[in-house]
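Undergrad: Here's a sequence, model it:
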Amino acid sequence: MRAAWDLGSDYVRVSPNEPPLRIPAGQVLGGAAAAARRAEILPMVVDMQRNVTGRVDAWDERVGGDTPGFILDPVAFEALSRDALATERTSIFKALTRTAQASHLGRGQFFLPHPFRHVLDQGGWMLASLPRARQELQDVMWSADALPAVTVLTEAISLACKVRLPLVLDW
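TA: As a prediction, this is how the structure comes out:
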């Protein structure tokens, strides 16, 4: 966002199935409606948490205060996404070949601070596990292009795990 603003332009976020969102300099990523949208989706967040973990007491988004944000280089994030979904060959013999994927990092959009094995589709949101994503960051051999995103996500995921808050990837 800052790069666009530094060039004297608005930041424009393009998402599938949504009109482009134009964000003027100094405005938060979600645009002028970010605070209202956050309050609007809070019940959905609680339902997701209940469906995945059976609990609703892991966090309370209504406490206020600044929400930490991290900025990912889009080229590095694209490389990380590509690496996360790529099949890695771990043996030169076809019969012994096994594959490994970073499914939570590669497919997750909304990361919950609970361990669970598979990424879940909850009404179009792909729910992933922060502990699993943190492990995937350590386990995958990342390309050089992905390393800046790995660094930022390691910090963001570590903080989210520490304070037991969800993490949303908004691109």
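Undergrad: Just give me the longest strand of this structure.
TA: strand 125-129 (DSSP state E).
Undergrad: Can you list the strands that that strand pairs with?
TA: strand 110-112 (parallel), strand 120-122 (antiparallel) (DSSP bridges).
Undergrad: Give me the distance between it and the centre of its chain.
TA: From the chain centre to the centre of strand 125-129 is a distance of 9 Å (Cα atoms, centre = their mean, to the nearest Å).
Undergrad: now it: mean pLDDT?
TA: If you average the pLDDT over strand 125-129, you get 87.
Undergrad: Stretch 44-60 now?
TA: 66.
Undergrad: Please, where are all the strands along the protein?
TA: If DSSP E is used as the criterion, the strands of the chain fall at 11-13, 21-23, 110-112, 120-122, 125-129, 167-168.
Undergrad: What are the boundaries of the helices in this structure?
TA: 2-6, 34-53, 74-85, 103-107, 130-139, 147-163 (DSSP state H).
Undergrad: what comes up buried for the longest one?
TA: Right, helix 34-53. Going by neighbour count (16 or more other Cβ atoms under 10 Å), the buried part of helix 34-53 is 38, 45-46, 48-49. Backbone N, C-alpha and C define where each C-beta goes, glycine included.
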